[in-house]
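Peer 1: coordinates only, no sequence provided:
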């Protein structure tokens, strides 16, 4: 199949490399020439692409604003599957389905990434066994959906979940966006200077994604403001309970917070 | 060397197994018989111990209150190195050095563990390449310190840092205790039910240690109340900054928080 991947950062280039390895003709499109050369040199794309000519499938692996611009312009071949990989979906579906489109849109959110970004950390195995969330609505084309899922399986995704954009945005606020906010706020502690030698796995895990690109992530956060604000405030309120118990030296209150968390932790793992 | 390890949970049994593998005679002491049998069957100890007779070194791998009881009783052979592995040190040093002791105390904090506890997840390689914090004060015996460090190297620790109990407790509040509080509070979100399929590495990392034992950890938290309260409140305040920016839809304020975190993240990795 002839596929165009626009945006050769970590996600786009990994997608391209995985699709190419699966036997597809993958054309790469990117603002900077450098990533194109890198992708060619590392066998991640078959050739560069100017536009979308002849593409049966298009993956937009771009920040939300650029993704929405491309989706709105809609210069894709008629009938092409067009999928984005943005971390928020409500606003995107509103735009896409706000008027008739000749392309067939499916929203994807690969639950995969690394703490670094850019083509140099891209990897054809990035999606192996990972979760993929696909957003669907009454306007979603069944054929496009099946095609997207088929390609996703070819490149190794593990569990594939379908849901509405609203459910996606609500859940992702907790499972991805808030984690990045907390990690970032955590490492801002004044005590974080000079702690090499004092850290173990829990600190490393807590701060791993703390260095995210502020341009991209603030854009994502603002597109999911309401959900993210609710989750952030919820966490603040649970942390404040712990702080009150600590302040009062109230061991029972402390234990009761911790126990609630332990039970939630067990429930999560039993559902997994 | 003849060594007694009291407490065969994950840390104690891992210590015992690593010391035995390094060629020492390791005697295991534990409240329940079951762990003793398990340790014998899995070659983690040489034999069970009733008391501390003949021990040149004793490791107490017990919760803080029991550790302090043992250290206060002080029924160790004269001149023996006695080390604990508790996550807080100020209160322990105060107790130990509050009167003359015939044993030689050194405080250890191995920055190693797993999200599960108990002897069944113990592992002779648990400490390989990990950080070890050793607390010292003017009363610390130089010979005991050298012995503790030597044994620590034998069982594979990577970086070994010496510091005061006050510095340890201040830093550990951030690098370990707060991480466990956050992870626990995080998973308590009502949205955490039914999210299998929606998670990626950032959620898994954020919640990994969320299920800690509330008895042990509330004890540790209360022994380091002041430091931990300061760190918890600091984090709440940084998260509140983000929440305000989100609430106001203020992209610039959001970016400025995130950027501060990114720079702190870079600084941490450059110091590491």
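Peer 2: Perfect, I can see it now. None of these values were measured; they are calculated from a predicted model. Numbering: from 1, shown residues only, chains lettered A, B, ... in the order given.
Peer 1: please name every helix or strand in contact with the helix or strand hosting residue A:69.
Peer 2: Counting by DSSP states H and E, the element that carries residue A:69 is helix A:64-73. Applying 3 or more C-beta pairs under 8 Å, 6 or more residues apart in numbering or on different chains; DSSP states H and E, one finds that helix A:64-73 makes contact with strand A:57-60, strand A:81-84, helix A:90-96, helix A:214-222. Every residue, glycine included, has its C-beta placed from N, CA and C.
Peer 1: buried residues in it?
Peer 2: The neighbour-count criterion (16 or more other C-beta atoms under 10 Å in any protein chain shown) identifies A:64, A:66, A:67, A:68, A:70, A:71 as the buried residues of helix A:64-73.
Peer 1: and the pLDDT for residue A:269?
Peer 2: The per-residue pLDDT reported for residue A:269 equals 86.
Peer 1: so it, which of the three states?
Peer 2: Following DSSP: H, G, I helix; E, B strand; the rest coil, we place residue A:269 in the helix state.
Peer 1: for it, which non-adjacent residue is closest in space?
Peer 2: Among residues not flanking residue A:269 along the chain, residue B:211 sits closest, at 7.9 Å (C-beta to C-beta, 6 or more residues apart in numbering or on different chains).
Peer 1: which parts of the stretch 101-250 of chain A are helices?
Peer 2: In the stretch 101-250 of chain A, the helices defined using DSSP state H, counting those that start in this stretch lie at A:142-154, A:165-172, A:178-187, A:201-207, A:214-222, A:225-248.
Peer 1: wait, does the longest one contact chain B?
Peer 2: Yes. On the criterion C-beta under 8 Å from any C-beta of the partner chain, helix A:225-248 is in touch with chain B at A:225, A:228-229, A:231-236, A:238-240, A:242-243, A:246-247.
Peer 1: which strands and helices sit next to that helix?
Peer 2: Using 3+ C-beta pairs under 8 Å, 6+ apart, helix A:225-248 sits against helix A:165-172, helix A:178-187, helix A:251-271, helix B:178-187, helix B:225-248.
Peer 1: tell me which of those helices sits nearest to residue A:39.
Peer 2: Smallest distance to residue A:39 across the helices and strands packed on helix A:225-248 (C-beta to C-beta): 26.6 Å, for helix A:178-187.
Peer 1: which elements pack onto that closest one?
Peer 2: helix A:201-207, helix A:225-248, helix B:178-187, helix B:201-207, helix B:225-248, helix B:251-271.
Peer 1: picking that back up, just the buried residues out of the residues of helix A:225-248 next to chain B, in PyMOL syntax.
Peer 2: Per 16+ other C-beta under 10 Å, the buried members of those correspond to this PyMOL selection:
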select buried, chain A and resi 225+228+229+231+232+234+235+236+238+239+240+242+243+246
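Peer 1: among the helices of the stretch 101-250 of chain A, which is the most enclosed?
Peer 2: helix A:178-187 (a mean of 26; mean count of other C-beta atoms under 10 Å in any protein chain shown).
Peer 1: can you give me the angle that helix makes with helix B:251-271?
Peer 2: Computed with axes from the mean of the first three to the mean of the last three C-alpha atoms, to 10 degrees, the direction of helix A:178-187 lies at 60 degrees from that of helix B:251-271.
Peer 1: now helix A:178-187: how far from the chain's centre is it?
Peer 2: Offset of helix A:178-187 from its chain centre (C-alpha atoms, centre = their mean, to the nearest Å): 16 Å.
Peer 1: quick one: the residue nearest to residue A:269 and residue A:270 touch, right?
Peer 2: No. Residue B:211 lies out of contact with residue A:270 (C-beta atoms under 8 Å); the separation is 11.4 Å.
Peer 1: compare those two (neighbour count), which wins?
Peer 2: residue B:211 (23 against 8; other C-beta atoms under 10 Å in any protein chain shown).
Peer 1: for residue A:179, see how far away that one is.
Peer 2: 17 Å (C-beta to C-beta, to the nearest Å).
Peer 1: report the distance from the longest strand anywhere in chain A to the chain centre.
Peer 2: The longest strand of chain A (DSSP state E) is strand A:104-110. Here the centre of strand A:104-110 is set off from its chain's centre by 11 Å, with C-alpha atoms, centre = their mean.
Peer 1: so what touches it?
Peer 2: A:11, A:15, A:59, A:71, A:79-87, A:89, A:92-93, A:96-97, A:126-127, A:130-136, A:140-141, A:143-145, A:148, A:152, A:157, A:165, A:168, A:172 (C-beta atoms under 8 Å, 6 or more residues apart in numbering or on different chains).
Peer 1: what's the nearest residue to residue A:129 once chain neighbours are set aside sitting at in phi/psi?
Peer 2: Excluding its sequence neighbours, the residue lying closest to residue A:129 (C-beta to C-beta, 6+ apart) is residue A:158, at 4.1 Å. For residue A:158, the backbone dihedrals (degrees, to the nearest 10) come out as phi -90, psi -100.
Peer 1: which ones are touching residue A:158?
Peer 2: Contacts of residue A:158 by C-beta under 8 Å, 6+ apart are A:128, A:129, A:130, A:131, A:132.
Peer 1: in a markdown table: the residues you listed, plus neighbour count.
Peer 2: Formatted as a markdown table, the contacts of residue A:158 follow (neighbours: other C-beta atoms under 10 Å in any protein chain shown):
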| residue | neighbour count |
| --- | --- |
| A:128 | 13 |
| A:129 | 10 |
| A:130 | 21 |
| A:131 | 22 |
| A:132 | 24 |
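Peer 1: what is the nearest of the residues you listed to chain B?
Peer 2: Distances from chain B to these, taken as C-beta to the nearest C-beta, are shortest for residue A:131 (5.3 Å).
Peer 1: tell me the pLDDT at the closest residue to that closest one other than its chain neighbours?
Peer 2: Spatial nearest neighbour of residue A:131, chain neighbours left out: residue A:111 (4.0 Å); criterion: C-beta to C-beta, 6+ apart. For residue A:111, the model assigns a pLDDT of 94.
Peer 1: which ones are touching residue A:262?
Peer 2: Residue A:262 touches B:184, B:210, B:211, B:212, B:213, B:214, counting by C-beta under 8 Å, 6+ apart.
Peer 1: helix or strand: which one has the residue minimising distance to the centre of chain A?
Peer 2: Against the mean C-alpha coordinate of chain A, by C-alpha atoms, centre = their mean, the closest residue is residue A:87 at 4.4 Å. Per DSSP H and E, residue A:87 falls between elements, in no helix or strand.
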